[in-house]
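Novice: Build me a model from this:
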Amino acid sequence: MMTHPPAGEVLDREFLALRARLIDLAAGLDRLDRADGSLVAVADDPRCQAIVRSLEILAQPGPDRSARVQEAFSLQYDPQWRENLMGGDR
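Specialist: Numbering: from 1, shown residues only. You can find the predicted model right below:
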């Protein structure tokens, strides 16, 4: 049976790295806000939509957040992928 370390121990170990990544994320979002043009202009961009979905996922407690964030950036499964890749001729 696998046991998990206490939450306080994990927080002690992970805090500085998490803090650094969150500050880096905030800096990237700040650069988007300061960029020429409006952030509204890129709001329909699927990449921006994936970022927003990911932030929503991160804001909610619960297991498997990393998998759900990964899914936010993944394409939906296309059952015709092979035909599309091969040009439909094979």
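
Novice: going forward, measure contacts and count neighbours with C-alpha atoms only.
Specialist: Fine.

Novice: Retrieve the pLDDT associated with the closest residue in space to Arg53 that isn't next to it in sequence.
Specialist: Distances taken as Cα to Cα, 6 or more residues apart in numbering place Ala72 nearest to Arg53, at 6.5 Å, with adjacent residues excluded. Turning to Ala72, the model gives it a pLDDT of 95.

Novice: now do Ala27
Specialist: 96.

Novice: Any idea how many residues pack against it?
Specialist: Using other Cα atoms under 10 Å, Ala27 is surrounded by 12 other residues.

Novice: for Glu71, phi and psi?
Specialist: phi -60, psi -30 (degrees, to the nearest 10).

Novice: Please report how far it lies from Val40.
Specialist: 24 Å (Cα to Cα, to the nearest Å).

Novice: what distance separates the host helix or strand of Arg82 from the centre of its chain?
Specialist: Taking DSSP states H and E as the criterion, Arg82 maps to helix 81-86. Its chain's C-alpha centre and that of helix 81-86 lie 27 Å apart, by Cα atoms, centre = their mean, to the nearest Å.

Novice: and what of stretch 4-22?
Specialist: Using Cα atoms, centre = their mean, the distance between the centre of stretch 4-22 and that of its chain works out at 19 Å.

Novice: For this protein, which segments count as helices?
Specialist: With DSSP state H, the ranges of helices along the chain come out as 7-34, 46-59, 65-72, 81-86.
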